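Colleague: Dropping a prediction and its sequence here:
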Amino acid sequence: MTLIHATAVVDSKAELASDVVVGPYTVIGPNVKIGAGTKIGSHTVIEGCTTIGQENNFAHFAAIGGPPQDMKYRGEPTQLIIGDRNTVREFTTIHTGTTQDVGITRVGNDNWIMAYVHIAHDCQIGSNAIFASNAQIAGHVQVDDWAILGGMSGVHQFVRIGQHAMLGGASALVQDIPPFVIAAGDKASPHGINVEGLKRRGFSSETISALRQAYKVLYKEGLSFEEAKIEIQKMVIASASDAATSEKLAVFHDFIAASTRGIIR
């Protein structure tokens, strides 16, 4: 049976799986759905049109599904959708979307979200990402799979962070970080490929070497942005015999080619 503490306030219209655990003084609103195996600590508020998957763990004092901090918001029924097996620590805030975007804030699976993190309206968070304590993510931000955001980092609205990228602690990010790249600084700048992270995740030495060369083409050879894109596209074609390497080079190329805010340079 669902284990709801006697002091918790759970709306009768909320839909909780039979084994959800709800801690003391937690409040759950009427439009909330929570999947099997999820645990919610004390003094947490889950509200709005919020859907939470299975086996998530919410610590104490989290605020989930609140209305967006957007002055254009007028109470439209926007959503927050959270996947499976995420850890969300103390005092984290995650808000629903706005009609100025797709209307949905999304968090994928297996993310590790530490204390005091803020994920604003309309963010699209992938899976296996790490948000260190007090990382602050503005609206409409995209964070791809396996990205890492350092403690006390701040991310400007509409910025994209590519897969396996890493943003250092206390950094301010105002443009996109390409996949696989390390960035840091009070105005974040590139500092090479995330080699150690890629090794831990099973990337071959050949793929890592190719990504390091693509990084050099983009950042070290004095090429214009358009020239660098052409050269990296040539690398994608030339690596066709190595499917894994070609795929990752294509991810790198396609990300920078699609950038609208511009990439860190």
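Modeller: That came in fine, so what should we check first? Residues are numbered from 1 along each chain as shown.
Colleague: Go ahead and flag the most central residue of the protein.
Modeller: When the chain is reduced to its mean C-alpha position, the nearest residue by C-alpha atoms, centre = their mean turns out to be Ile125, at 3.1 Å.
Colleague: Give me the pLDDT value at that residue.
Modeller: Here the pLDDT value assigned to Ile125 is 99.
Colleague: I'd guessed it sits against Asn109; true?
Modeller: No: Ile125 is beyond contact range of Asn109, at 10.0 Å (criterion: C-beta atoms under 8 Å). Any C-beta I mention is one placed from the backbone N, CA and C, and that applies to glycine too.
Colleague: circling back: roughly how far does the residue nearest to the centre of the chain sit from Ile104?
Modeller: Summarising the geometry, the distance separating Ile125 from Ile104, computed by C-beta to C-beta, to the nearest Å, is 12 Å.
Colleague: Kindly report the same for Asp144.
Modeller: The value you get for Asp144 to Ile104, if C-beta to C-beta is used, is 17 Å.
Colleague: How about Lys216?
Modeller: Looking at Lys216 against Ile104, where the rule is C-beta to C-beta, the gap reads 38 Å.
Colleague: those strands in the stretch 151-265 of the chain, which residues are they?
Modeller: In the stretch 151-265 of the chain, the segments counted as strands under DSSP state E, counting those that start in this stretch are 154-155, 160-161, 166-167, 172-173, 181-184, 189-193.
Colleague: helices or strands up against the second one?
Modeller: Just to be clear, that refers to strand 160-161. Packing contacts for strand 160-161, counted by 3 or more C-beta pairs under 8 Å, 6 or more residues apart in numbering; DSSP states H and E, involve strand 142-143.
Colleague: Adjacent strands (with direction) for the strand it packs on?
Modeller: Applying DSSP bridges, strand 142-143 is found paired with strand 124-125 (parallel), strand 160-161 (parallel).
Colleague: Heading C-terminal from the helix or strand of the chain with the lowest mean pLDDT, find the next helix or strand.
Modeller: Sorting the helices and strands of the chain by mean pLDDT, DSSP states H and E puts strand 3-4 at the bottom, at a mean of 96. Sequence order places strand 9-10 as the next helix or strand after strand 3-4, per DSSP states H and E.
Colleague: What lies in contact with that next one?
Modeller: Surrounding strand 9-10, the residues in contact under the criterion C-beta atoms under 8 Å, 6 or more residues apart in numbering are Ile4, Leu16, Val22, Thr26, Val27, Ile28.
Colleague: Could you measure from the first one over to Lys39?
Modeller: By that I understand Ile4. Applying C-beta to C-beta, one obtains 12 Å for the distance of Ile4 from Lys39.
Colleague: try Ser12
Modeller: 21 Å.
Colleague: Who has more neighbours out of these two?
Modeller: A side-by-side neighbour count of Ser12 and Lys39, using other C-beta atoms under 10 Å, places Lys39 first with 16 against 5.
Colleague: what's near enough to touch that one?
Modeller: The neighbours of Lys39, taking C-beta under 8 Å, 6+ apart as the test, are Val20, Val21, Gly23, Asn56, Asn57, Phe58.
Colleague: ok, what's across the strand from the residue nearest to the centre of the chain?
Modeller: Following DSSP bridges, Ile125 is listed with bridge partners Val107, Val143.
Colleague: Quick one: residues contacting it.
Modeller: Counting by C-beta under 8 Å, 6+ apart, Ile125 touches Arg106, Val107, Gly108, Asn111, Ile119, Val143.
Colleague: how about CSV for the residues you listed, with neighbour count and pLDDT added?
Modeller: Rendered in CSV, the data for these read as follows (neighbours: other C-beta atoms under 10 Å; pLDDT from 0 to 100):
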residue, neighbour count, pLDDT
Arg106, 18, 99
Val107, 25, 99
Gly108, 21, 99
Asn111, 25, 99
Ile119, 29, 99
Val143, 29, 99
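Colleague: what's the most distant pair in the residues you listed?
Modeller: The largest distance within the contacts of Ile125, taken as C-beta to C-beta, falls between Gly108 and Ile119 and amounts to 11.8 Å.
Colleague: Quick one, which of the strands paired with strand 142-143 gets closest to Ser153.
Modeller: Where the strands paired with strand 142-143 are weighed against each other on C-beta to C-beta, the nearest is strand 160-161, at 10.2 Å.
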